[in-house]
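Novice: based on what follows, work out the 3D shape:
(2 chains)
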Amino acid sequence: MKRYSLSSIFTEAFRDNLGWEKAWKKRQPKKEYQIIIVGGGGHGLATAYYLAKNFNVTDIAVIEKGWIGGGNTGRNTTIIRSNYLQESSIGIYEKSRSLYETLSQDLNYNIMFSPRGVLMLCQTEHELRAMKRTSHANRINGVDTKMIAPEEVKELVPIININGPRFPVLGALWQPRGGTARHDAVAWGYARKCSDFGIDIIEQCEVIGVKKKREKIVGVETTKGNIKAKKVCFVAAGHSSVLADLAGFRLPIESVALQALVSEPIKPIIDCVVMANTVHGYLSQSDKGELVIGGGADGYNNYSQRGSFLHIEETVRALVETFPVISRLRQLRQWGGIVDMTGDRSPIISKTPVDGLYINCGWGTGGFKAIPGSGWATAEMIYNEQPGKLASPFSINRFSEGRLIDESAAAAVAH
Amino acid sequence: MLNIFCPICQRDCDETELSCGGQAHLIRRDHASSDKDFYEYLYERKNDKGIIFERWRHVYGCGKWFHTARCTLTNQVFGSYSAKEVQPPKSILATIRRSRVDFKGWVK
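Specialist: Numbers count the residues shown, from 1 in each chain, chains lettered A, B, ... in the order given. The predicted structure is shown next:
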């Protein structure tokens, strides 16, 4: 792989940019691999990358039904933060956020990480109380967040209306080290580096069956033929239940469509991320000038990747009240992704009832921020054949054992 | 926007009038059941990509629960039936088969 650098830009500039290589090689599946990762989104690619980087395992195939980063990795609102409530969540999300800080250098790929700060508004007394609790939990666990007053919010975000009347801003939880990154670049950067390690990235290849021998995994059946493997990991977000069904077990997961939209591009008006959980909307401005707005999830299971229009209306209606300046903006694009919701709104990184089969799912509405940490923890679990410190609280058994990691209040909007 | 027939009010309702209650025909467990059974009842869901049977409540109408058959991929609704039914009625299954030849039937 040719490194991207200032000199490579100069060199290419003088020869009509004809020397750039494809970021990753398109491969056809071999007959057998040590490890197969099913799902070529951020989490799957990060898992393969950290298996290679931290454990020197490169006999890996990442198989993807569609194209790299075409699922939720390319459909989110790119927010990165770690201001969660529970210790185990803070562990993995903070690991992830800190990995994001140097990810561009690690991958030699500009992921445009922009720690512009994340503001979580408190618009009811109850929310204010819950956020105060979160800020204390953050402080105990060494996450840099603090509560700020409405006037400070106004100073950070001059376009905000803090007086209500329906949703006055009573305060906010401020995480200055949170921010955004270019979501496609995260997937592409990981894919490029994986390919460089010799990992096969196989696109347009859907898993249609799981091969087992006495409750032990021996491979997968795909649209490009059978592939044998010693270990398999499902990292398929909203489609995890479909894969689990093929492997013969059920998951504590329900899939729903979550939507986002962008406005037409305008001059810079907001330089941090604002999340308004009470009204179910969040807002940031992309480098192109579009306002990136995330909304609520559908109230019923579906795999439609569209979402109900009424949720867009609800989100925008509430945001217009908080940000009156956006009322005349036109919507440029709208899209939906299928998110995998667990009962406690925390992910599952776990072994499964099938020996040698692992699963990473349940990130629900907030998976993008967790990509590096999740890949790190999943790689550790697959290599050691059991979860490490970061992943162990997120085992599938937590539901039957009654040790839920409740993030329904502290986690992202649509929860 | 979904448009679902309420079998109690005998009229079509917009999605905004209704609230979804998740998978239908779950077997309710009592205190004497095993941990595994209770886990299945509380958390494990079919979450199928395709035809599902689910509970809906006409919140801004009669306030009553009923069941609906819907495709989770296309959001096509195949009809509603009473919440008293312990499994999907034959008429609903026949309606689904008419447009989905590969429909395998209801699985518990």
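
Novice: contacting residues around the residue lying closest to B:Asn3 once chain neighbours are set aside?
Specialist: Leaving aside its sequence neighbours, B:Asn3 sits nearest to B:Asp12 (CB to CB, 6 or more residues apart in numbering or on different chains; 5.3 Å). C-beta here means a position set from N, CA and C on the backbone, and glycine is covered the same way. Going by CB atoms under 8 Å, 6 or more residues apart in numbering or on different chains, B:Asp12 touches B:Asn3, B:Ile4, B:Phe5, B:Cys6.

Novice: and the third one, what element?
Specialist: Element membership of B:Phe5 [criterion: DSSP states H and E] is strand B:3-6.

Novice: which parts of that strand are buried?
Specialist: Within strand B:3-6, the residues that count as buried by 16 or more other CB atoms under 10 Å in any protein chain shown are B:Ile4, B:Cys6.

Novice: same question, stretch A:200-212
Specialist: Across stretch A:200-212, burial judged by 16+ other CB under 10 Å covers A:Asp200, A:Ile201, A:Ile202, A:Glu203, A:Cys205, A:Val207, A:Val210, A:Lys211, A:Lys212.

Novice: before we move on, what about stretch A:56-67?
Specialist: The neighbour-count check on stretch A:56-67 (16+ other CB under 10 Å) flags A:Val57, A:Thr58, A:Asp59, A:Ile60, A:Ala61, A:Val62, A:Ile63, A:Glu64, A:Lys65 as buried.

Novice: the longest helix that chain B contains - what's its average pLDDT?
Specialist: Looking across chain B with DSSP state H, the single longest helix is helix B:90-99. Mean per-residue pLDDT for helix B:90-99: 95.

Novice: ok, stretch A:392-408 next?
Specialist: The pLDDT scores in stretch A:392-408 average 90.

Novice: quick one: distance of it to the chain centre.
Specialist: 20 Å (CA atoms, centre = their mean, to the nearest Å).

Novice: go on, stretch A:263-281?
Specialist: What separates the centre of stretch A:263-281 from the centre of its chain is 19 Å, taken as CA atoms, centre = their mean.

Novice: and if you look at stretch A:77-95?
Specialist: The chain centroid and the centroid of stretch A:77-95 are separated by 11 Å under CA atoms, centre = their mean.

Novice: let me know how buried A:Asp287 is, in neighbour terms.
Specialist: Neighbour count of A:Asp287, defined by other CB atoms under 10 Å in any protein chain shown: 11.

Novice: what's the helix or strand for the residue in the stretch 51-200 of chain A positioned nearest to chain B?
Specialist: Closest residue of the stretch 51-200 of chain A to chain B, CB to the nearest CB: A:Lys65 (12.0 Å). Using DSSP H and E, A:Lys65 falls within no helix or strand.

Novice: what pLDDT does the closest residue to it other than its chain neighbours get?
Specialist: Spatial nearest neighbour of A:Lys65, chain neighbours left out: A:Glu206 (4.2 Å); criterion: CB to CB, 6+ apart. We have a pLDDT of 97 for A:Glu206.

Novice: list the contacts for the closest residue to chain B within the stretch 101-250 of chain A?
Specialist: Closest to chain B within the stretch 101-250 of chain A is A:Ser241: 3.7 Å, counting by CB to the nearest CB. Counting by CB under 8 Å, 6+ apart, A:Ser241 touches A:Arg250, A:Leu251, A:Ile253, A:Glu254, A:Ser255, A:Asp340, B:Arg45, B:Lys46, B:Asn47, B:Asp48, B:Lys49.

Novice: ok, the residues you listed vs A:Ser308, which is closest?
Specialist: Within the contacts of A:Ser241, the smallest distance to A:Ser308 is 14.8 Å, found for A:Ser255 (CB to CB).

Novice: just to be sure, the residue nearest to B:Asn3 is in a strand?
Specialist: Yes: assignment of B:Asp12 by DSSP: H, G, I helix; E, B strand; the rest coil places it within a strand.

Novice: neighbours of B:Lys64, just the number please.
Specialist: 15.

Novice: now do the contacts for it.
Specialist: B:Cys6, B:Ile8, B:Arg57, B:His58, B:Ala83.

Novice: what's the weakest-modelled helix or strand in chain B?
Specialist: When the helices and strands of chain B are compared on mean pLDDT, DSSP states H and E, helix B:35-42 comes out lowest with a mean of 90.

Novice: which strands or helices does whichever helix or strand comes after that helix pack on?
Specialist: Counting by DSSP H and E, the element after helix B:35-42 in chain order, helix or strand, is strand B:51-57. Packing partners of strand B:51-57 (3 or more CB pairs under 8 Å, 6 or more residues apart in numbering or on different chains; DSSP states H and E): strand B:19-23, strand B:65-71.

Novice: just send these back as CSV, with distance to chain A and mean pLDDT too.
Specialist: As requested, these are exported to CSV (distance: least, CB to the nearest CB, whole Å; pLDDT from 0 to 100):
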stretch, distance to chain A, mean pLDDT
strand B:19-23, 4, 94
strand B:65-71, 8, 97
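
Novice: a markdown table please, covering the ones you listed and showing distance to A:Leu45 and mean neighbour count.
Specialist: Formatted as a markdown table, these follow (distance: least, CB to CB, whole Å; neighbours: other CB atoms under 10 Å in any protein chain shown):
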| stretch | distance to A:Leu45 | mean neighbour count |
| --- | --- | --- |
| strand B:19-23 | 32 | 16 |
| strand B:65-71 | 31 | 22 |
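
Novice: reformat the ones you listed as JSON lines; add distance to B:Trp106.
Specialist: Listed next are the helices and strands packed on strand B:51-57 as JSON lines, based on distance: least, CB to CB, whole Å:
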{"stretch": "strand B:19-23", "distance to B:Trp106": "12"}
{"stretch": "strand B:65-71", "distance to B:Trp106": "9"}
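
Novice: helix, strand, or coil at the nearest residue to A:Glu151 once chain neighbours are set aside?
Specialist: Excluding the flanking residues, the one nearest A:Glu151 by CB to CB, 6+ apart is A:Ile162, at 7.9 Å. Following three-state DSSP, we place A:Ile162 in the coil state.

Novice: mind pulling up the pLDDT for A:Ile162?
Specialist: Value for A:Ile162, per-residue pLDDT: 93.

Novice: ok now do it, which residues does it touch?
Specialist: A:Pro150, A:Glu151, A:Val153, A:Lys154, A:Pro168, A:Val169.

Novice: so who does the residue of the stretch 301-415 of chain A found nearest chain B touch?
Specialist: Residue of the stretch 301-415 of chain A nearest chain B, by CB to the nearest CB: A:Ser400 (4.2 Å). Neighbour list for A:Ser400: B:Asp35, B:Lys36, B:Tyr39, B:Tyr43 [criterion: CB under 8 Å, 6+ apart].

Novice: sorry, back to before: chain A: which of the contacts of B:Asp12 is nearest?
Specialist: Within the contacts of B:Asp12, the smallest distance to chain A is 10.0 Å, found for B:Ile4 (CB to the nearest CB).

Novice: distance of that closest one from A:Leu51?
Specialist: To A:Leu51, B:Ile4 is 46 Å away according to CB to CB, to the nearest Å.

Novice: ok, now A:Arg97?
Specialist: The spacing between A:Arg97 and A:Leu51, counted by CB to CB, is 21 Å.

Novice: again with A:Arg250
Specialist: 27 Å.

Novice: more crowded one of the two?
Specialist: Set A:Arg250 next to A:Leu51 and count neighbours by other CB under 10 Å: A:Leu51 wins out with 29 against 15.

Novice: show me chain A divided up by domain.
Specialist: For chain A, automatic domain parsing gives the domain ranges A:24-109+A:183-252+A:344-401, A:118-179+A:255-342.

Novice: ends of the last one, how far apart?
Specialist: Right, the one you point to is domain A:118-179+A:255-342. Its first and final residues considered, domain A:118-179+A:255-342 spans 25 Å by CA to CA, to the nearest Å.

Novice: quick one: that domain to chain centroid distance?
Specialist: 16 Å.

Novice: give the PyMOL command for selecting the buried subset of the contacts of B:Lys64.
Specialist: Remark: buried members of those, expressed as a PyMOL selection using 16+ other CB under 10 Å:
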select buried, chain B and resi 6+57+58+83
